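> missing the sequence, but the structure's below:
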């Protein structure tokens, strides 16, 4: 079996990982070569501390903001936990092979050829320091040795779970998503990593409709199981590194789709305050975690699933708050990364990572075979220090002859320069199978500045175009449907007219963009598409799940009553 190596003109750091070689590079266009996974030659270069001069040179390097972080997407535990347990082992093995990145002393620019910061890793440093006399070591070097002794080989390693803990298929029995058993089973699984961890709720984690009458009761069961005081969290994992988590808190009380991930006002206020308390001017770095991504993140989203159902974005159906998250990101350069799951999509799409201003948005896949949409099982690992973040994928579904999972470097972020280098090449991946929703851009060539009359006909419905209505709402034609987009972020909000409804009809915008009209050119039948009462155009196709279940129960009871009545009448005859 072969593995992929990423090479550039200058190799900065290389190490073996579970039978594979992973390298960080200085170029954004890596060269791919094939290498035997059983190769015994290891590229080490000048990465090891092998003389007293180097030990003295690195005396000021520390691990005060060095960390390794596992990020689990939608967990969805299964009856057969074989693949989940395998994935857990893969993640631990990856951490054992991904040494911490040391933090260079303040004041070094890290750009000169003599600066070995990019070539160093903590394991190499410790292996040499352990052979030295304690009196010859600096305070930072002694701290490295102490933390290694205290924490073991996985020091400064953490885990965050993005929720959706329970079984994906609802059977109306313990273990279903949102039940107490789903929480306790997830706790047992996460405890098995033997790492400090935290967890946020996903849209399915309050779905225990058979066990709990209210969202509050359901949420309290989650909090009690994980010994949490609040559904949100903040955890400082370094001198200037903060993890922040946000949870969805409603399911039964959702006005439309119960699967919308909703952060309440109190939690949103807390989030804004915690960001202000850790300002960029003081060199803070914040990583945020939520089950669903925020509007404006530009991550891949499935138009006919999450967009249609109004549950793609955090607070999707709440126009007063859904943009607030993105506004906070724009105003807060200390927010370096935002991690989310929800879509069950792989990391192999180009837009599974996106960069907006200083923040990298990161889609996280799934580890269970019953949860994946595209046959991949993946976990993210983030390796960071005070100057950079490296994003890795553990490919649980790609294994060598020794049953080791593939570990792949996807991107490197330079926190000083505010840049990101993408390493992953997607050219061999068939992305058309999972066509993303279109996100308009001002210079995309599809904008109609002054629509007057026909904007799309039967022959051009497969083309992309978008425009502003007179009231400021943004509509467009994409994939033979009419879609509404958010006015500020241009993120897709929902479907206005479906492909079936639009078939064989022309789309017109008339009366100074005040009216949207559909016309059948054969019959000349006309339909005016009116906005909703709240001013939006997109249709709320998916209704609250609890209400739908109650309606089905009443219908089933009525049907049973009629059947029994008929039997009784037949007997009397």
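That came through, no problem. Since the structure is predicted, the reported quantities are computational estimates derived from the model, not experimental observations.
> going forward, measure contacts and count neighbours with C-alpha atoms only.
OK.
> Regarding residue 367, what are the backbone dihedral angles?
Residue 367 has phi and psi values of phi -110, psi -10 when expressed as degrees, to the nearest 10.
> Roughly how far does it sit from residue 163?
According to CA to CA, to the nearest Å, residue 367 and residue 163 sit 13 Å apart.
> Please enumerate the shared neighbours of these two.
Both residue 367 and residue 163 are contacted by 73, 74, 75, under the criterion CA atoms under 8 Å, 6 or more residues apart in numbering.
> How about the contacts made by residue 385?
By CA under 8 Å, 6+ apart, the neighbours of residue 385 are 63, 65, 66, 67, 101, 102, 103.
> As CSV, the shared contacts of residue 367 and residue 163 with neighbour count and pLDDT would be great.
Formatted as CSV, those follow (neighbours: other CA atoms under 10 Å; pLDDT from 0 to 100):
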residue, neighbour count, pLDDT
73, 29, 97
74, 28, 97
75, 24, 97
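> pull the longest strand from this protein.
Assignment by DSSP state E gives strand 388-399 as the longest strand of the chain.
> how about low-confidence regions in the stretch 101-250 of the chain?
Scanning the stretch 101-250 of the chain for pLDDT under 70 picks out 107-119.
> Ok, the chain next?
For the chain, the stretches with pLDDT under 70 are 1-57, 107-119, 425-438, 459, 542-558, 565, 569, 573.
> what's the following helix or strand after the helix or strand that contains residue 185?
Take DSSP states H and E as the rule and residue 185 turns out to sit in helix 180-191. Helices and strands here follow DSSP H and E; after helix 180-191, the next one along the chain is strand 197-199.
> Sheet partners, orientation included, of that following strand?
strand 157-161 (parallel) (DSSP bridges).
> quick one: which of the shared contacts of residue 367 and residue 163 is nearest residue 527?
When these are compared for distance to residue 527 (CA to CA), residue 74 wins out at 41.7 Å.
> Now do the contacts for that closest one.
So residue 74 contacts 161-165, 202, 291, 341-342, 344, 365-367 (CA under 8 Å, 6+ apart).
> Going along the chain, name the helices of the protein.
Counting by DSSP state H, the chain has helices at residues 52-57, 82-97, 122-129, 139-151, 180-191, 215-225, 265-276, 324-331, 499-502, 545-572.
> for the longest strand of the chain, packing partners?
helix 82-97, strand 378-384, strand 405-414 (3 or more CA pairs under 8 Å, 6 or more residues apart in numbering; DSSP states H and E).
> Next, work out how far apart the nearest residue to residue 259 once chain neighbours are set aside and residue 316 are.
Among residues not flanking residue 259 along the chain, residue 203 sits closest, at 5.0 Å (CA to CA, 6 or more residues apart in numbering). According to CA to CA, residue 203 and residue 316 sit 12 Å apart.
> ditto for residue 228
Distance from residue 228 to residue 316, by CA to CA: 26 Å.
> Residue 357 now?
Taking CA to CA, one finds residue 357 at 22 Å from residue 316.
> Same question for residue 89.
The gap separating residue 89 from residue 316 is 36 Å, by CA to CA.
> Would you mind telling me which of those two has more residues around it?
Just comparing residue 89 and residue 316: by other CA atoms under 10 Å the higher neighbour count belongs to residue 316, 26 against 17.
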